[in-house]
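In: Take this sequence and fold it.
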Amino acid sequence: MKKIKVMTALVCALACLMATPVCATVADYYDLGFVKFNGTYVNRWGTPIPNVTARGIDVSSYQETIDWAAVATDDVSFAFIRCGTTNTGPDKMFETNAAGAAANGIPFGIYYRTYAPNEEIAKLEAQYTVLCAQNTGATLPLVMDVEGSTLAALGTTQLQKNIQAWCDVVKAAGYTPMVYTSKSFMNTYIKSCPCDKWIAQYGDTFTYTGGASYWQCSSHGFVNGIPGRVDIDFRLN
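Out: All right, here's what the predicted structure looks like:
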């Protein structure tokens, strides 16, 4: 099965090379690494990745219709599913994705893309995310997705207040709060937060030193049951 997956991905990559202008970059193609080899997770160069306990994905309506039964056969031990954003409202595929993950034995958490300008809006976003978790049986952390120039413009003090407000609501409801952001955004704008962290750093090594529970290593992963690219995540020791 693993050989078939790799060969399929190679065929897709070659097709892209034939059909895509020369100006295309590696980012246009699927990453073929970040899988288990001889019992150990390795990066795209085959180098073992330390401190990994499980491999998973995060999804939204961007992936459209997902075959969760197929996903479950491809070493996906967990998922984070987007429930919505402040700007665009509920994610149209959230309930379908949550039901699909649950039906196929994949534990999942929920993330919400925040645009909150203050603590009051952050609390409302957290309350909505908690409601989504209660309605779908989510068991993994509830995640505040913090990124982008709009939030960077708020400054560190306001961002930290927003995150604290989110964490307070989620904890009070009995769930584990977590913040998702990039390594750069965390170090530059957030700097510190009172909860678990899920850090995006695309590449073959994870160099964030502030402590994180999850690492998003790629946005161009290839997983059975998902017709397009998907984010690959690792749970860390």
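In: hey, let's count contacts and neighbours off CA atoms from now on
Out: OK.
In: Report all helices and strands that whatever helix or strand W198 lives in contacts.
Out: Following DSSP states H and E, one finds W198 within strand 196-200. Here strand 196-200 touches strand 177-182, strand 214-221, going by 3 or more Cα pairs under 8 Å, 6 or more residues apart in numbering; DSSP states H and E.
In: That strand: how far from the chain's middle?
Out: Relative to the centre of its chain, strand 196-200 is centred 9 Å away, using Cα atoms, centre = their mean, to the nearest Å.
In: circling back to that earlier point, highest average neighbour count across the helices and strands packed on strand 196-200?
Out: Greatest average neighbour count among the helices and strands packed on strand 196-200 goes to strand 177-182 (a mean of 24), per mean count of other Cα atoms under 10 Å.
In: which parts of the helix or strand just after that one are buried?
Out: Downstream of strand 177-182, the first helix or strand assigned by DSSP H and E is helix 183-185. For helix 183-185, a neighbour-count test (16 or more other Cα atoms under 10 Å) marks K183, F185 as buried.
In: Going forward, count from 51.
Out: OK, 51 is where the count begins now, so the last one is helix 233-235.
In: how far is helix 233-235 from where the chain is centred?
Out: Per Cα atoms, centre = their mean, the centroid offset for helix 233-235 relative to its chain is 15 Å.
In: And the contacts of the helix or strand where E175 lies?
Out: According to DSSP H and E, E175 maps onto helix 169-186. Here helix 169-186 makes contact (Cα atoms under 8 Å, 6 or more residues apart in numbering) with 133, 136, 145, 148-149, 159-162, 164, 166, 189, 192, 194, 211-213, 215-217, 219-220, 223, 225.
In: Quick one: the helices in this structure, in order.
Out: Using DSSP state H, the helices of the chain run over 52-69, 118-121, 144-153, 169-186, 199-202, 206-222, 233-235.
In: I'd like to know which of these lies nearest to G275.
Out: For G275, the closest of the helices of the chain is helix 118-121, at 4.7 Å, according to Cα to Cα.
In: on contacts alone, who are the packing partners of that closest one?
Out: Judged by 3+ Cα pairs under 8 Å, 6+ apart, the packing partners of helix 118-121 are helix 144-153.
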